[in-house]
Structure formats: C-alpha cells, structure tokens
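Participant: Predicted model follows, preceded by the sequence.
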Amino acid sequence: MNGRRAAIPGVTLTTVTPNEYVREVLPETQPLWGGPRDFARYEADFRAVAQSAYGRSRPFTVGMRDAGRLVVSCKLYDREMRWGTKTLRATGIGAVFTIPAHRGRGFASAMLGALLDEERVAGRDIAFLYSDIHPAFYERLGFIRLPSRNLTLRAASLDGSHSGAAPLGPRDWPGLRRCFEELDGQRPWTLARTPLVWEWLRRMWSSPPPASVQRVQLVVRHKREIVTYVIGRRVLREDSFVVDDFAFAGDAGRARLSAVLRAAAGDLRRVSAWLPPPIARDALPRGSVRVRRDGIFMVAPLSAAARAWWKSEKDEILGARSDATWAADHV
C-alpha cells in the first residue's frame, strides 16, 4: 500500500498482516460469519487462504487505524476478467468490517474510496464484491448492482436414472478444470479461473465440513474424460443439497447433469444453488427463483476498458434470466 491519504484526516489505508488480522478482526467477525465453526476452525480457514499462493499474490488484508487501533478492514482477491480476447485485471473485495464503536463515522467509505483510488492508479480495470448489507451503501461509492438470485429445485424433479457418477479423486482435478473451461469458454465474458484460483478452490472444497454437513463431489466420465461434475454440501438440517459448483462438457455431459444432481441430493428433498450463468442455466429445470438477500454481486469499472465492457454487456446482464457469476466466484 502506498499510504494515500483517505477522506478522514490522519487516517490512511495500510496493509494488515495475517497475524494482526487474526488478533484484531477475527474475534469480532466470527459471530457474524463463522457459522457453525468454532474460533479455531474459523482461524484455520482464514490462514489456509492467507498462506496459499493465491492469498500471497497481493496484500490479502488491508484496513485503516484510528489512534493505533484497526477500526475497519477488508480482504482483497486478485482475479482476471476475460472479455472476448481481452483480459481485464480485477480486484475482489470481501469481508468489509467496521468495529461497532466506529460505525457511522465514514470509515468504511473512506477505506473503500482510498482502495478504489489505489487500484485505479495501479492499473486495475474493475473492482467487484458481493454485498451482504444494503447495496445502496456501495452504489454511493460507484458500484453497480447486478441481478443476484437463488434457484431451488425439487430433487424429485431431477432425472432419477443411474448417473454413472463416481467420487472425485485427487487425480481428477486437471480433468475437472478442463470440463469447466470447455463450458465457461463459451461465455462472452467471465471471471477467469487461473491456476492460483483453482488451488484456492481445491483447498476450500477439501477442508473438513462442519458437523451435520456432508461434502459431495461427483464426476462422470465419458471415454476417460470428465464430462460432468457436481461439488456441493448435503445440509441435513435444511433437507437440502447446496451446490457449490458444477459444469458439463458437450452433449454427453449435459445429458448426465440432472441425474448427477439427483444422486448428490440422495434422500434430501431440495437442491439449492445460486442461479448460474446463461450457458449452464439452460441445462437445469426451471425451479423456484428468488432474489438473494445477501451475496449481491456488484461491480465498479475503474478503467476505460472496463467501462467499454459494461457499456457493451450491461443490457444482456441486467435483462438475463440467469446470473453473471458462478457461486464459486463469491469472495
């Protein structure tokens, strides 16, 4: 960080080390975002990302101090956006948090304003985040709200025939990546999954789940190639299989998707997911679609190239019957 002066006199944006973040932020946020995880597990999950090659590719946590105390902070994720043949540099922003005693004094606005200025100067093209609070707060800073919806399917509405699926194995990750890229490569734009992003996803999906949650990771092969996969969680207390990611390659893969989702759900009644992008949405039954109350996708174009992307794609994005990003893009 270059210490650019923020809108609050005497307060500047600064890098926060993982140890500082664990000590000063995690105890405050664990009740909010820890879910069923105890603090030890919450800390371990944070350190796994912070210490990964993906987390170390740039300062992972930043914030502002007032009288020496860290009062506002967020996480940063280095991403790329592919738009046709162009590659745009993207910054994901997550876990924006202000300690209760300093709320309502403009610290979050000052931090994000200074951060966007720095990212623009550094040559970044676009910033994005997933809002869990009122999107109007971010809209005042220049972010644009995109459609963000959930899809719920009755498991009984899916194909009940034999899926031919097998558990995902350690050697299957390259094939899984090829399967995803064949599907996602058909989109006019996307948040690209670099090797570092895939490493991060693999770590996340390989961590032990909380009690009462069962991880399910299934693949289907055709002529030795993975043509369909589904990754998700059986959440027993919700009687639902929650989809974290899926993809299919070609007609053979598309034909098996419904049966694999049914197999993943087992005896649970529902399958729930973020509404996926267009290329995948059309492969799923209609189901029940509802606006999300959290995880609302928002973007802030920072460069001329990003503004050109938005001008070109906004009508399609805002009017589509599908969402702009995959659930796994959530930061």
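Facilitator: Done, it's in.

Participant: Low-confidence regions, the stretch 1-150 of the chain specifically.
Facilitator: Within the stretch 1-150 of the chain, the stretches with pLDDT under 70 are 1-7.

Participant: how about the nearest residue to R140 once chain neighbours are set aside, phi and psi?
Facilitator: Once flanking residues are discounted, R140 sits nearest to S109: 7.6 Å by CB to CB, 6 or more residues apart in numbering. Every residue, glycine included, has its C-beta placed from N, CA and C. Note on S109: its backbone torsions stand at phi -60, psi -40 [degrees, to the nearest 10].

Participant: burial measure for S109, as a count.
Facilitator: S109: 18 surrounding residues under other CB atoms under 10 Å.

Participant: In which helix or strand does R187 reside?
Facilitator: Assessed by DSSP states H and E, R187 sits outside every helix and strand.

Participant: so it touches A280, yeah?
Facilitator: No. Look at R187 against A280 with CB atoms under 8 Å: they stay out of range, at 9.4 Å.

Participant: And those two? Which one has more around it.
Facilitator: A direct count of neighbours by other CB under 10 Å for R187 and A280 places A280 higher, at 22 against 14.

Participant: can you give me the helices for the stretch 151-300 of the chain?
Facilitator: Ranges of helices in the stretch 151-300 of the chain, per DSSP state H, counting those that start in this stretch, are 173-184, 195-206, 250-265, 278-281.

Participant: of all the ones you listed, which lies closest to T98?
Facilitator: Nearest to T98 among the helices of the stretch 151-300 of the chain is helix 195-206 (25.8 Å), distances taken as CB to CB.

Participant: on that earlier part again, just say which of the helices of the stretch 151-300 of the chain is most tucked in.
Facilitator: Mean neighbour count (mean count of other CB atoms under 10 Å) peaks for helix 250-265 among the helices of the stretch 151-300 of the chain, with a mean of 20.

Participant: so what does it touch, helix or strand wise?
Facilitator: Secondary-structure packing of helix 250-265 (3 or more CB pairs under 8 Å, 6 or more residues apart in numbering; DSSP states H and E): strand 213-222, strand 225-235, strand 240-248, strand 270-274.

Participant: could you give the angle of it to helix 173-184?
Facilitator: Orientation check (axes from the mean of the first three to the mean of the last three CA atoms, to 10 degrees): helix 250-265 against helix 173-184 gives 120 degrees.

Participant: Put the alpha carbons of helix 250-265 into PDB.
Facilitator: Coordinates of each C-alpha in helix 250-265 appear next as PDB, following Å, rounded to 0.1, in the frame of the first residue of the first chain:
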ATOM      1  CA  GLY A 250     -20.600 -31.400 -24.600                       C
ATOM      2  CA  ASP A 251     -23.900 -33.200 -25.100                       C
ATOM      3  CA  ALA A 252     -22.800 -36.300 -23.100                       C
ATOM      4  CA  GLY A 253     -22.000 -34.100 -20.100                       C
ATOM      5  CA  ARG A 254     -25.200 -32.000 -20.300                       C
ATOM      6  CA  ALA A 255     -27.300 -35.200 -20.600                       C
ATOM      7  CA  ARG A 256     -26.000 -36.500 -17.300                       C
ATOM      8  CA  LEU A 257     -26.100 -33.300 -15.200                       C
ATOM      9  CA  SER A 258     -29.700 -33.800 -13.900                       C
ATOM     10  CA  ALA A 259     -29.000 -37.400 -12.800                       C
ATOM     11  CA  VAL A 260     -25.800 -36.400 -11.000                       C
ATOM     12  CA  LEU A 261     -27.600 -33.600  -9.100                       C
ATOM     13  CA  ARG A 262     -30.200 -36.200  -8.100                       C
ATOM     14  CA  ALA A 263     -27.600 -38.600  -7.000                       C
ATOM     15  CA  ALA A 264     -25.800 -35.900  -5.000                       C
ATOM     16  CA  ALA A 265     -29.000 -35.000  -3.200                       C
END
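
Participant: Identify each buried residue in the biggest strand by length in the chain, please.
Facilitator: Counting residues, the longest strand found in the chain (DSSP state E) is strand 69-83. Residues 70-79, 81-83 are the ones in strand 69-83 that count as buried (16 or more other CB atoms under 10 Å).

Participant: same for that strand, what does it pack against?
Facilitator: The helices and strands touching strand 69-83, judged by 3+ CB pairs under 8 Å, 6+ apart, are helix 18-24, strand 61-66, strand 86-98, helix 107-121, strand 189-192, helix 304-319.
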